[in-house]
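> test case, fold it:
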Amino acid sequence: MKKQIVALAVGLSCALPSMADSTPELFVMINSGTPQTQGMAMVLASQAMEQKASVRVLLCSEGGQLAVKGKEGAVLKPRNVTPNQMLQGLMKGGAKVEVCALFLPNSDLKPSDLLDGVTVAKPAEIASYMLQGNVKTLTY
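This next block holds a predicted model:
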């Protein structure tokens, strides 16, 4: 019986990827148009990035407005920055930022209206990404 348990444990340890071997990834979906909610999402994403996590941001609905050129939101204390500025900081740090596939077709906007570096998400790619074992997801 002990040999079977040991064999099962060894088999499982070989079959499952080690979380220590992979970079932690944070997937942040922002749907809210509320500046404090957007800001908190950006703060947590920034903290994760500082702790060596890879960050990917998906902006949908009112959250998509963060990716529109020329849009400036409310200034948030204590750092006196807007969620838009925080998003651009994440992008400078290497975060991948996308708008939902439904965002542009359901607005009066086009891809050229988005901040440089922001792309339109592909649903199949997003679903595949979300299902990876090392991806943590936050939704705001």
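> any weak-confidence spans in the chain?
Residue ranges of the chain with pLDDT under 70: 1-21.
> could I get the full set of helices for it?
Here the chain has its helices, by DSSP state H, at 2-15, 35-50, 83-92, 123-130.
> can you put these in TSV and add mean neighbour count and distance to residue 74?
C-betas here are computed from N, CA, C, even on glycine. Output for the helices of the chain, formatted as TSV (neighbours: other Cβ atoms under 10 Å; distance: least, Cβ to Cβ, whole Å):
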stretch	mean neighbour count	distance to residue 74
helix 2-15	9	49
helix 35-50	18	4
helix 83-92	20	8
helix 123-130	12	28
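> just the C-alphas of stretch 88-108, formatted as CSV.
Extracted C-alpha coordinates of stretch 88-108, given in CSV (Å, rounded to 0.1, in the frame of the first residue of the first chain):
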residue,chain,number,x,y,z
GLN,A,88,0.0,54.6,-18.6
GLY,A,89,2.6,53.9,-15.8
LEU,A,90,1.6,50.2,-15.9
MET,A,91,2.1,50.2,-19.6
LYS,A,92,5.6,51.8,-19.3
GLY,A,93,6.4,49.0,-16.8
GLY,A,94,5.5,46.3,-19.4
ALA,A,95,1.8,45.6,-18.7
LYS,A,96,-0.2,44.4,-21.7
VAL,A,97,-3.4,46.5,-22.0
GLU,A,98,-6.4,45.6,-24.2
VAL,A,99,-10.0,46.8,-24.6
CYS,A,100,-12.8,44.3,-24.8
ALA,A,101,-13.7,43.1,-28.3
LEU,A,102,-17.1,44.8,-27.8
PHE,A,103,-15.8,48.1,-26.7
LEU,A,104,-15.1,49.8,-30.1
PRO,A,105,-18.0,48.4,-32.1
ASN,A,106,-20.4,49.7,-29.5
SER,A,107,-19.0,53.2,-29.2
ASP,A,108,-18.2,56.0,-31.6
